[in-house]
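Asks: Generate coordinates for the sequence data below:
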Amino acid sequence: MSQQFSLKWTQLRETYPVFHYDSFQYSWKEDHIEIQFQFRTEELVYRPTMMIKYGNWLAPGLKNSLLDSLVFNIGMIELISYWKATASPVVHIHPAQLSVPEQNWWKKLYFKGLSEYFYQNGIETSQEEFFSFSFDAAAPHSAQFDYSYVPSSSFVIVPIGGGKDSVVTLEQLRSSRKIIPLIINPRGATLDCARVAGFDTLEQIFIIEREIDPLLLKVNAKGYLNGHTPFSAMLAFYTVLAAHLTQTRDIALSNESSANEATIVGTEINHQYSKSLEFERDFQYYVAHFMNDCAHYYSHLRPYSELQIAQFFAQYEQYHAVFRSCNAGSKENKWCCNCSKCLFAYIILSPFIGDDKMIQIFGEDLLDKESLVHYFDQLVGWEDTKPFECVGTVEEVNQAIQMILDSRKDKKLIQRYIQNNNLN
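Replies: Numbers count the residues shown, from 1 in each chain. Reported below is the predicted structural model:
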């Protein structure tokens, strides 16, 4: 463990002993709901604001009181982005009290969802020790919140991320279900994929605009603790709010089986924990037992491997020019062609899309880029650590490469694979 980071963890926890979830509030505007939270610790006060733009999808006759429970829970997952800067040993929840089973549920999510954060910051702790909850004695119990139960509906909410996975879910479900597309913080690829699917206007899309308080960015720049948080768990709670506002039962995610594989061999450290089957089942339990079974959250792609999903996606040629799976290039709506996620997408699609078309889609031949050797070695399992990105399993990557050994044998990375495996 890094002594430097261990010391920083200890010092911050002494300086900021209690992290407060002070409040949540929301207000109905003309075409959206505005949500604001307040989190604080000592002199640091965060007030992130979210916009829920429901477009044409708002169901009639909704009760305001039912939003309290949903917004409170969103605050419970949003707070982790702010807590991680100081890692306060006590998290004090002011709006409500949680039962012991609820506390244990949240601590497991935070701990496993922050496994990459702990690892990269050199922190050794446990689920029991990294923090404890406290509450206002006069606060209502969360069990007193109301939830709207929706028994069934002909619609299904499909979050669109702009990559191949959500496209496959969208296309496979649209023949039998009415789709409500949901996008968090719209960008070029997400809006383009929705447009290709026939959702041409913003009013046809359920949009969540999520803001990070600028103070957190300033705190990070000063050297406070930072790291990956469980984004997909945050998405899960927002989709349940969307399910209530649209009175929709089903929420179909696009998390595949490969999300279950640990990022670091022999550990439970998993960049994709909140996309894993373990989290999916835990979240289903939480909704069923603590939220009146108000919605049905599941991953449509869970039964499929990355190779199967890539094969499905290859058939949807109308999306090939607009989909993007690159975080580094997302703001400019492009493939950066220099990251592990770009390389993984290139490898997994290559067995099903011709060489010329792949180069056209990405703008470069990634299998011929020696600068990507490090990521290549990680993806094929020659190193103990996979990239900290949403990529497929080592086995799937090797299967994809073996499928293109003959057709792409002149590429530098494929030649490296052949030589290192003595396949000459």
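
Asks: and the longest strand for this structure?
Replies: strand 18-28 (DSSP state E).

Asks: who's in contact with the following helix or strand past that one?
Replies: Using DSSP states H and E, the helix or strand that directly follows strand 18-28 along the chain is strand 33-41. With contact meaning C-beta atoms under 8 Å, 6 or more residues apart in numbering, strand 33-41 is reached by 16, 18-27, 45-52, 54, 67, 71, 74-75, 78-79, 82-83, 86, 88, 245. Quick note: C-beta positions are derived from backbone N, CA and C, even for glycine.

Asks: and M50, what does it touch?
Replies: M50 neighbours (C-beta under 8 Å, 6+ apart): E34, I35, Q36, I74, I208, E209, R210, E211.

Asks: do that again at 6 Å, thanks
Replies: I35, R210 (C-beta atoms under 6 Å, 6 or more residues apart in numbering).

Asks: helix or strand for it, which one?
Replies: strand 49-53.

Asks: That strand vs strand 18-28, what angle?
Replies: Angle of strand 49-53 versus strand 18-28, following axes from the mean of the first three to the mean of the last three C-alpha atoms, to 10 degrees, is 30 degrees.

Asks: Could you pull out the strands in this structure for me?
Replies: Using DSSP E, strands in the chain cover 18-28, 33-41, 44-46, 49-53, 90-93, 132-135, 155-159, 178-184, 206-210, 250-253, 296-299.

Asks: And N64, what's its pLDDT?
Replies: Predicted confidence (pLDDT) for N64: 71.

Asks: That one: what's its closest spatial neighbour, skipping adjacent residues?
Replies: Spatial nearest neighbour of N64, excluding adjacent residues (C-beta to C-beta, 6 or more residues apart in numbering): W28 at 7.8 Å.

Asks: Please read off the pLDDT at that neighbour from the model.
Replies: 93.

Asks: And for the one 5 residues further on?
Replies: I33 is assigned a pLDDT of 96 by the prediction.

Asks: gap between stretch 406-424 and the chain center?
Replies: Distance of stretch 406-424 from its chain centroid, counting by C-alpha atoms, centre = their mean, to the nearest Å, is 34 Å.

Asks: for stretch 144-157, same thing?
Replies: Using C-alpha atoms, centre = their mean, the offset of stretch 144-157 from its chain centre is 22 Å.

Asks: same check, this time on stretch 396-412
Replies: So, by C-alpha atoms, centre = their mean, the centroid of stretch 396-412 is 29 Å from its chain's centroid.

Asks: got the buried residues for that stretch?
Replies: Neighbour-count burial for stretch 396-412 flags E396, V397, N398, Q399, A400, I401, I404, R408, K411 (criterion: 16 or more other C-beta atoms under 10 Å).

Asks: I'd like those written out as a markdown table, with pLDDT and distance to R249 added.
Replies: Below are these laid out as a markdown table (pLDDT from 0 to 100; distance: C-beta to C-beta, whole Å):
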| residue | pLDDT | distance to R249 |
| --- | --- | --- |
| E396 | 95 | 32 |
| V397 | 95 | 36 |
| N398 | 96 | 39 |
| Q399 | 96 | 36 |
| A400 | 96 | 36 |
| I401 | 96 | 41 |
| I404 | 96 | 42 |
| R408 | 92 | 45 |
| K411 | 93 | 47 |
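
Asks: Which members of these are positioned in helices?
Replies: Taking DSSP state H as the definition of helices, those contribute E396, V397, N398, Q399, A400, I401.

Asks: partners of the strand holding M50, with directions?
Replies: strand 33-41 (antiparallel), strand 206-210 (antiparallel) (DSSP bridges).

Asks: Put together JSON lines for those, with mean neighbour count and distance to D146 on each row.
Replies: Formatted as JSON lines, those follow (neighbours: other C-beta atoms under 10 Å; distance: least, C-beta to C-beta, whole Å):
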{"stretch": "strand 33-41", "mean neighbour count": "20", "distance to D146": "17"}
{"stretch": "strand 206-210", "mean neighbour count": "22", "distance to D146": "22"}
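
Asks: Could you double-check that L367 sits in contact with K412?
Replies: No: under the criterion of C-beta atoms under 6 Å, L367 makes no contact with K412, lying 7.2 Å away.

Asks: Turn the buried residues of stretch 396-412 into CSV, including distance to I418.
Replies: Output for those, formatted as CSV (distance: C-beta to C-beta, whole Å):
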residue, distance to I418
E396, 19
V397, 15
N398, 13
Q399, 15
A400, 15
I401, 9
I404, 11
R408, 10
K411, 10
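
Asks: and S81, what does it touch?
Replies: For S81, the contact set (C-beta under 6 Å, 6+ apart) comprises T229.

Asks: That one and N226: what is the separation?
Replies: According to C-beta to C-beta, to the nearest Å, S81 and N226 sit 10 Å apart.

Asks: go on, Q103?
Replies: 25 Å.

Asks: same deal with I80?
Replies: I80 is 12 Å from N226, by C-beta to C-beta.

Asks: repeat for I359
Replies: Taking C-beta to C-beta, one finds I359 at 36 Å from N226.

Asks: for M51, same thing?
Replies: 25 Å.

Asks: What does the pLDDT read for N270?
Replies: pLDDT at N270 comes out at 86.

Asks: now swap in P151 and tell me
Replies: P151 is given a pLDDT of 85.

Asks: can you pull the contacts of the spatially closest residue to it that is not a sequence neighbour?
Replies: Once flanking residues are discounted, P151 sits nearest to R249: 6.8 Å by C-beta to C-beta, 6+ apart. By C-beta under 6 Å, 6+ apart, the residues touching R249 are V150, S152, S153, H296.

Asks: Turn these into JSON lines, columns for neighbour count and distance to L58.
Replies: Shown next, in JSON lines, are the contacts of R249 (neighbours: other C-beta atoms under 10 Å; distance: C-beta to C-beta, whole Å):
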{"residue": "V150", "neighbour count": "18", "distance to L58": "14"}
{"residue": "S152", "neighbour count": "9", "distance to L58": "19"}
{"residue": "S153", "neighbour count": "19", "distance to L58": "14"}
{"residue": "H296", "neighbour count": "19", "distance to L58": "20"}
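
Asks: And the furthest pair within those residues?
Replies: Spatially, the most separated pair among those is S153 and H296, at 10.0 Å (C-beta to C-beta).

Asks: what's the span of stretch 240-260 from first residue to last?
Replies: Taking C-alpha to C-alpha, to the nearest Å, stretch 240-260 runs 23 Å from one end to the other.

Asks: Count the neighbours of Q144 for me.
Replies: 11 (other C-beta atoms under 10 Å).

Asks: roughly how far apart are it and L98?
Replies: 12 Å.

Asks: Thanks a lot, see you next time.
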